[in-house]
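Peer 1: sequence and predicted model, in that order:
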Amino acid sequence: MRGRVLQTLAVISAATLVGCPSDDDVSLPVPTITAVEVIPEAVQLGPGIEFFTLHARAIDQWGFKLPAVFTWIPTGGASIESQNGDTAVFKTGGATGDLTVEVRVGTLADVASIYVTAPGVNADIATSLSEPEPAGAMFRGLVSGNCRVLNEVVAFLGGGVLGYLDGQANPTCGAFGLVAQVGMRLHTETPTWNGGRQEIAGGNAPPEVVKVQVWTSEPITPALKAMVDGELDLVNAILRTNRAGFTVDRDPTLHESSMTPIPAECSGPEYKTDPAWMVSGTGAFPDDALVIFYTSSVTGGNGLFSRRGLTCRPNVILINSSDHVPSTLVHEIGHAMGLVEPWGLTWGHTNQWAGMRASQNIMWDAASTRIHLTLGQVFRMHKDWRSWIVPDGLGVDCGCRPYQGGSGGCPMLTADFRMAPPPLPPVACTSVSP
Amino acid sequence: MTLRRLSHFSRSRAALVALSFLTGACLSIPERRVVDQWLYCEECLTTMPAQEPSELRAVERLHWRAVSLLSHTLLGPTPRQRGALDSMLARDYYLIREYRAMGLSPAGIRIDSAQFVSRYDEGMVAALQKRAALALWQIGTPSARAAIRYALKRDVLRTTPLRPDVRLLLDTLNARRSP
């Protein structure tokens, strides 16, 4: 009996040593670019189309997009017309047949295949591209007979994704056009075909720069300035990598505030229970700038815990200066730009939605490396009425369901480059009214 | 022979019982994620206007089984948490550095990784401790409350004491009854 007890104790001791599944799976990885991708990977140009645009991205070992300096190498008579960051415009040089464009970062490379159609061949493409439609699009996919199977169509304006066309959403062969467009605040919403260029007029222009004011409830020190600089750079690195079409002003004035710790218009019990949140211009801050307010406390709930950040009005962002992470600011900017649905359910946070690249998405509500935006999110930032940069009365309603586009005909929130279609569970939600 | 078999059976059963007990005391990976969701959430308001965020309520539902992980977190990040924080900061630092290397920032290219990490690290560790403390207080079992008291006692002996706001919260929670 005594032996059995001892045996049991020995087993328990051993098991204790083994313990719970360990909490020590430490990893200190350094991000390294492991692949380069060119988008689209294939382009077919109709007769008379001389120019085309390619977009590249560098991917690390976890699939994160990283900033990089790209080198483009066209072949077969094509030449580079212009380059702006991860995008380059090429000229075919009048040749027909197969061309290639290689993109390189160090020793890594990817190749796009370009096929220039001779006059009279594949007339359907030529017809489509010459139609006076808002067809500033580039596409990749298969062309078979008269039926184009379009996997992915994007167009760019101001450096951002302008539109998205999904062949699945447009099953009638021959129909061509942007089923969705993104309008920038200062650009036309009905772009016209630009003399054969496979892009919108003004297409490769730099992104829109959003005016910013930074306020702080603490004394302005070099350390604080360095922190703000770093976070604004991170915001712009992420927006640029995701071709969001806008960046934030990188040289804002820092204001020391006496409105401590939280400006009056952001106090109140629980701001987001009140649809009046959507109304801007309540006093202390200007309407024409994104206000970023670093404060010593962003309390919430029972008053015993503090949030890292909060977007308390469409253009007023609070950042908890004593507890936040570098990506808190870009997350809050996502809210300011209309990523707030399903209202009352997840408030724009993507933690529960499949197809959003999980913790990599900037709207993931937890400290993690958040650097991704889907095309669907970028679309809403520019087109949905909830976004601060969409002028009053000009926005469409993308609805509150992540897997539907609302009455505005928006792409799903999950619409993205090279993403496998996610499962589409029904989402019951009630949208806030404009 | 039969007795030896029985003895073998008893030994196996004892081992199984011990392991079952210990495994039961551990958090599964999905349950650990529930704790992480609370420890790391940014706005923590998925079921507003509830008084406490749903992330905290979810941890509370794990009850005594979450106490071990929360107690360790209260004393400072566990190796896994330390690794997650460090790797997040390393990646964010890398993004900023590469962006500046492209000449796109007026702030220039100079950025010191050690300074960058230390700028955020203290706040993130303090936040983990505060959230662990709040969850322990909310759970309110004797061992959970003992963990708060232990952290306060241990603080006296620390070479690096708790941040004043963490200490203040622990004192407040220690003096209040759990809900």
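Peer 2: It's in.

Peer 1: quick check: closest non-adjacent residue to the residue nearest to the spatial centre of chain B.
Peer 2: Per CA atoms, centre = their mean, the C-alpha nearest to the average position across chain B is that of B:Thr73, at 3.9 Å. Leaving aside its sequence neighbours, B:Thr73 sits nearest to B:Ala132 (CB to CB, 6 or more residues apart in numbering or on different chains; 3.9 Å). For the C-beta atoms, the positions are set from N, CA and C on the backbone; glycine is no exception.

Peer 1: for A:Cys398, same thing?
Peer 2: With sequence-adjacent residues excluded and distances taken as CB to CB, 6+ apart, A:Cys398 is closest to A:Cys410, at 3.8 Å.

Peer 1: please report the distance of the one you found from B:Leu39.
Peer 2: Computed with CB to CB, to the nearest Å, the distance linking A:Cys410 and B:Leu39 is 34 Å.

Peer 1: again with A:Trp353
Peer 2: 21 Å.

Peer 1: looking at the two, which is more packed in?
Peer 2: Ranked by neighbour count (other CB atoms under 10 Å in any protein chain shown), A:Trp353 and B:Leu39 place B:Leu39 first, with 25 against 21.

Peer 1: how about that one, what does it touch?
Peer 2: Counting by CB atoms under 8 Å, 6 or more residues apart in numbering or on different chains, B:Leu39 touches B:73, B:81, B:128, B:131-132.

Peer 1: quick one: A:Ile33 and A:Ala56 touch, right?
Peer 2: No: assessed by CB atoms under 8 Å, A:Ile33 is found out of contact with A:Ala56, at 11.4 Å.

Peer 1: more neighbours: the two, which one.
Peer 2: Shown here are A:Ile33 and A:Ala56; by other CB under 10 Å, A:Ala56 has more neighbours (22 against 19).

Peer 1: just the element for the residue nearest to the centre of chain B, please.
Peer 2: Assessed by DSSP states H and E, B:Thr73 sits inside helix B:67-74.

Peer 1: just the CA atoms of the next helix or strand after that helix, as CSV, please.
Peer 2: Downstream of helix B:67-74, the next assigned helix or strand under DSSP H and E is helix B:79-101. Output of helix B:79-101 as CSV, limited to C-alpha atoms (Å, rounded to 0.1, in the frame of the first residue of the first chain):
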residue,chain,number,x,y,z
PRO,B,79,8.5,33.5,-21.7
ARG,B,80,5.8,33.1,-24.3
GLN,B,81,4.4,36.6,-23.6
ARG,B,82,7.9,38.0,-23.6
GLY,B,83,8.6,36.4,-27.0
ALA,B,84,5.3,37.7,-28.4
LEU,B,85,6.0,41.3,-27.3
ASP,B,86,9.5,41.3,-28.5
SER,B,87,8.7,39.8,-31.9
MET,B,88,5.9,42.3,-32.4
LEU,B,89,8.2,45.3,-31.5
ALA,B,90,10.9,43.8,-33.7
ARG,B,91,8.6,43.7,-36.7
ASP,B,92,7.2,47.1,-36.2
TYR,B,93,10.7,48.5,-35.8
TYR,B,94,11.7,46.8,-39.0
LEU,B,95,8.8,48.3,-40.9
ILE,B,96,9.6,51.8,-39.7
ARG,B,97,13.3,51.3,-40.4
GLU,B,98,12.7,50.1,-44.0
TYR,B,99,10.2,52.9,-44.6
ARG,B,100,12.8,55.4,-43.5
ALA,B,101,15.5,53.7,-45.6
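
Peer 1: what is the mean pLDDT for helix B:79-101?
Peer 2: Mean pLDDT, helix B:79-101: 87.

Peer 1: on that earlier part again, surely the residue nearest to B:Thr73 meets B:Thr78?
Peer 2: No: using CB under 8 Å, B:Ala132 makes no contact with B:Thr78, being 10.3 Å away.

Peer 1: quick one: which of those two has more around it?
Peer 2: Per other CB under 10 Å, whichever of B:Ala132 and B:Thr78 has more neighbours is B:Ala132, with 29 against 17.

Peer 1: which SS class is the more buried one?
Peer 2: Per DSSP: H, G, I helix; E, B strand; the rest coil, the secondary structure class of B:Ala132 is helix.

Peer 1: picking that back up, contact partners for the residue nearest to the centre of chain B?
Peer 2: B:Thr73 is in contact with B:39, B:81, B:128-129, B:132, counting by CB under 8 Å, 6+ apart.

Peer 1: of those residues, closest to chain A?
Peer 2: Of all the contacts of B:Thr73, B:Gln81 has the smallest distance to chain A: 7.5 Å, by CB to the nearest CB.

Peer 1: next, count neighbours for that closest one.
Peer 2: 23.

Peer 1: next one: it from B:Arg57, what distance?
Peer 2: As defined by CB to CB, B:Gln81 lies at a distance of 21 Å from B:Arg57.

Peer 1: residue ranges with poor pLDDT in chain B?
Peer 2: Chain B contains residues with pLDDT under 70 at B:1-25, B:45-52, B:109, B:157, B:159-160.

Peer 1: ranges for the helices of it?
Peer 2: Under the criterion DSSP state H, helices of chain B are mapped to B:2-25, B:29-40, B:54-62, B:67-74, B:79-101, B:113-139, B:142-157, B:164-175.

Peer 1: ok, which of those helices comes nearest A:Val298?
Peer 2: Nearest to A:Val298, of all the helices of chain B, is helix B:113-139, at 11.5 Å by CB to CB.

Peer 1: give me the buried positions along that closest one.
Peer 2: B:116-117, B:119-120, B:123-139 (16 or more other CB atoms under 10 Å in any protein chain shown).

Peer 1: cool, and stretch B:138-155?
Peer 2: Neighbour counts over stretch B:138-155 (16+ other CB under 10 Å) mark B:138-139, B:144-145, B:147-148, B:151-152 as buried.

Peer 1: so which of those residues comes closest to A:Val228?
Peer 2: Proximity of those to A:Val228 (CB to CB) peaks at B:Ala151, which lies at 33.0 Å.

Peer 1: thought the closest one was touching B:Leu170?
Peer 2: Yes: using CB under 8 Å, B:Ala151 makes contact with B:Leu170 at a distance of 6.0 Å.

Peer 1: so for the two, which residues contact both of them?
Peer 2: B:133, B:162.

Peer 1: OK, contacts around the residue in the stretch 51-200 of chain A positioned nearest to chain B?
Peer 2: Using CB to the nearest CB, the closest approach of the stretch 51-200 of chain A to chain B is made by A:Pro67 at 4.3 Å. By CB under 8 Å, 6+ apart, the residues touching A:Pro67 are A:58, A:237, A:240-241, B:95, B:98-99, B:102.

Peer 1: how about the helices in the stretch 201-350 of chain A?
Peer 2: Assigned by DSSP state H, counting those that start in this stretch, the stretch 201-350 of chain A shows helices spanning A:222-241, A:328-336.

Peer 1: that older thread, could I get the buried residues of stretch B:138-155 as TSV with distance to A:Asp287?
Peer 2: TSV is the format used below for those (distance: CB to CB, whole Å):
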residue	distance to A:Asp287
B:Gln138	40
B:Ile139	45
B:Ala144	48
B:Arg145	49
B:Ala147	48
B:Ile148	46
B:Ala151	46
B:Leu152	48
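
Peer 1: chain A: which of those is nearest?
Peer 2: The nearest member of these to chain A, counting by CB to the nearest CB, is B:Gln138 at 9.4 Å.
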